[in-house]
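S.K.: Got a sequence here, can you build the structure:
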Amino acid sequence: MATVDVSAEIEIAAAPADVAAVLFDPVREPEWMKVVKSVSVIDPALQPGARVRRTAMFMGHEIAWVTEVETVHFPHVLNLKVAEGPFVGTINYQIQRSAGGSHVRIRNRGESSALSFLPASIIETPLKASMEADLGRLKAIVEKV
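M.R.: As a prediction, the model looks like this:
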């Protein structure tokens, strides 16, 4: 399996709670995550154990996965475990107050069985570009409010 560890960061001119209101809400993901096509909330509370199913297009392949909340400290940290899907690993959202509002960081770590035939670098480059573009869309949404 190809092991990946990719992060992207951005400054957003908004308070951490305003950023987290969008970033931590899975129903809003299709607004700012280009690859996410649909979201199905299995467990509606934002608490450990809560699960969400997503479908997406990535590198020309349709994929689906289920995440489970490991930890949440609103509005600063949300750690998700990928419980089902072609990617086994974690997704970490961090929001820190900064002079301009908030410093936001997303990190995806794990292994992909669906793309195991590819070297990690081939997966990481488009994943990082996608994450950076997603954060740009998140910034536009949050700063517009």
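S.K.: Report the rounded mean pLDDT for the lengthiest helix in the chain.
M.R.: When secondary structure is assigned using DSSP state H, the longest helix within the chain turns out to be helix 120-144. The average pLDDT within helix 120-144 is 90.
S.K.: ok, and for that helix, which residues are buried?
M.R.: By neighbour count with 16 or more other C-beta atoms under 10 Å, helix 120-144 contains the buried residues Ala120, Ile123, Glu124, Leu127, Ser130, Met131, Asp134, Leu135, Leu138, Lys139, Ile141, Val142. Glycine gets a C-beta too; all of them are placed from N, C-alpha and C.
S.K.: Where do the helices of this protein begin and end?
M.R.: Assigned by DSSP H, the helices in the chain fall at 16-23, 29-32, 120-144.
S.K.: Distance to Met57 added to the ones you listed, as TSV?
M.R.: Compiled in TSV, the helices of the chain are given as follows (distance: least, C-beta to C-beta, whole Å):
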stretch	distance to Met57
helix 16-23	21
helix 29-32	12
helix 120-144	11
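S.K.: Which among these is found nearest to Thr3?
M.R.: Of all the helices of the chain, it is helix 120-144 that lies closest to Thr3, at 5.7 Å by C-beta to C-beta.
S.K.: And the closest one, what does it pack against?
M.R.: Secondary structure elements in contact with helix 120-144, counted by 3 or more C-beta pairs under 8 Å, 6 or more residues apart in numbering; DSSP states H and E, are strand 2-12, helix 16-23, helix 29-32, strand 51-58, strand 101-112.
S.K.: Sheet-wise, list the partners of the last one with their directions.
M.R.: Same thing as strand 101-112. Taking DSSP bridges as the criterion, strand 101-112 sits next to strand 2-12 (antiparallel), strand 87-98 (antiparallel) in its sheet.
S.K.: buried ones in the longest one?
M.R.: It refers to strand 87-98. Taking 16+ other C-beta under 10 Å as the basis for neighbour counts, the residues of strand 87-98 that come out buried are Phe87, Val88, Gly89, Ile91, Asn92, Tyr93, Gln94, Ile95.
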